[in-house]
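Novice: the following block contains a protein sequence and its predicted model.
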Amino acid sequence: MSSRTTAPASGATGATGEGREVLRLVPPVILWWIWVAFAAANAVDFGIQGVPSARFGAVVSAILLLVTGLMFTLALRPRVICDSTGLTVVNPFRVHRVPWRLIQVVDAGEWVRVHYAAVGPAAGEAAAGEAGAGEAGLRQQGSTVHCWALYVSAGARRKAARPARRARRGPFSASFAAQWGNDGAGLDTGPGYAQPSSRMPAEARYLASLPPAIAMAARLDARAARERAAPERPGETPATAGTATVNWSLAAVAAVVIPALILLVTVLA
């Protein structure tokens, strides 16, 4: 499904609809382009005016290359991608893939956090039969992935927790309500989280009042709840609903390690 880039909340970027969405905050992207402009200006300046010595030029070039790699990895690369099957959390050096049906709750601390089960229900039952209920229970506890792209500042957390913003209505999980709602008052957390269309303007106003990253957490939490409550797709079983995966990005590691080695060799040469 094609999507168009929009700004769902101040300081954030994303794509509309229940299809594919790319979520990230705007400031890191702006910082990346500021750095690109700075590095390009330095390269042009060196080309026009020259450098005092070849060694000086090599060291400065290596430093610019290293910082560019860091800025790409830490600022431009991180994002959260959600599609019809689950979430892909792209962090600086690792990529986490979590199917919707494994996500237990999405909340926010210093970062937006995705809590998920390590395996699906059927797989957990099979593990219990083979290895005992104790081990299966540990496997079912799952893991938590912190979304580097969706950072929540201390000021934003205080703003979201103000009493005037807490008791609002929204299709969020009980865990999200306990964190950002007035102990769940005024929040509909029933099965399926179905909401009449007349409530949508109030929900939209509530999300707009939240800091961008927390609003994104609320949207992801609500969508995960809907996906868990949705009927199974044809041919899908709990065991085949998918498993969570974590992979290292060799390109991201190389973007930092190779410039660092070049700088080390240049300095020591």
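Specialist: Looks like it came in fine. Numbers count the residues shown, from 1 in each chain.

Novice: which other residues reach stretch 57-75?
Specialist: For stretch 57-75, contacts defined as Cβ atoms under 8 Å, 6 or more residues apart in numbering pick out 28-29, 31-32, 35-36, 39, 42-43, 46, 51, 92-93, 148, 252, 255-256, 258-260, 262-263, 266-267. Where C-beta positions appear, they are placed from N, C-alpha and C, glycine not excepted.

Novice: buried sites along that stretch?
Specialist: By neighbour count on 16 or more other Cβ atoms under 10 Å, the buried set for stretch 57-75 is 58-66, 68-75.

Novice: just the buried residues of the contacts of stretch 57-75.
Specialist: Among these, those scoring as buried are 28, 32, 35, 39, 92-93, 148, 252, 255-256, 259, 262-263, 266 (criterion: 16+ other Cβ under 10 Å).

Novice: report the contact partners of the nearest residue in space to I103 that is not next to it in sequence.
Specialist: Excluding its sequence neighbours, the residue lying closest to I103 (Cβ to Cβ, 6 or more residues apart in numbering) is A224, at 4.2 Å. Neighbour list for A224: 100, 103, 105-106, 173 [criterion: Cβ under 8 Å, 6+ apart].

Novice: rewinding a little: of the buried ones among the contacts of stretch 57-75, which belong to helices?
Specialist: Among the buried ones among the contacts of stretch 57-75, the members found in helices (DSSP state H) are 28, 32, 35, 39, 252, 255-256, 259, 262-263, 266.

Novice: what ranges do the helices span in the protein?
Specialist: So, for the chain - with DSSP H - the helices run 26-49, 54-71, 121-131, 133-141, 154-160, 163-166, 174-180, 200-209, 212-229, 250-268.

Novice: separation between H115 and A230?
Specialist: Going from H115 to A230 by Cβ to Cβ, to the nearest Å gives 19 Å.

Novice: how many other residues sit next to the nearest residue to P78 once chain neighbours are set aside?
Specialist: The spatial neighbour of P78 that comes closest, neighbours along the chain excluded (Cβ to Cβ, 6+ apart), is A149 at 3.7 Å. Neighbour count of A149, defined by other Cβ atoms under 10 Å: 27.

Novice: show the average pLDDT along stretch 157-174.
Specialist: For stretch 157-174, the mean per-residue pLDDT is 56.

Novice: what do you get for stretch 25-44?
Specialist: 94.

Novice: in stretch 70-90, which residues are buried?
Specialist: Buried-residue list, stretch 70-90, by 16+ other Cβ under 10 Å: 70-82, 86-90.
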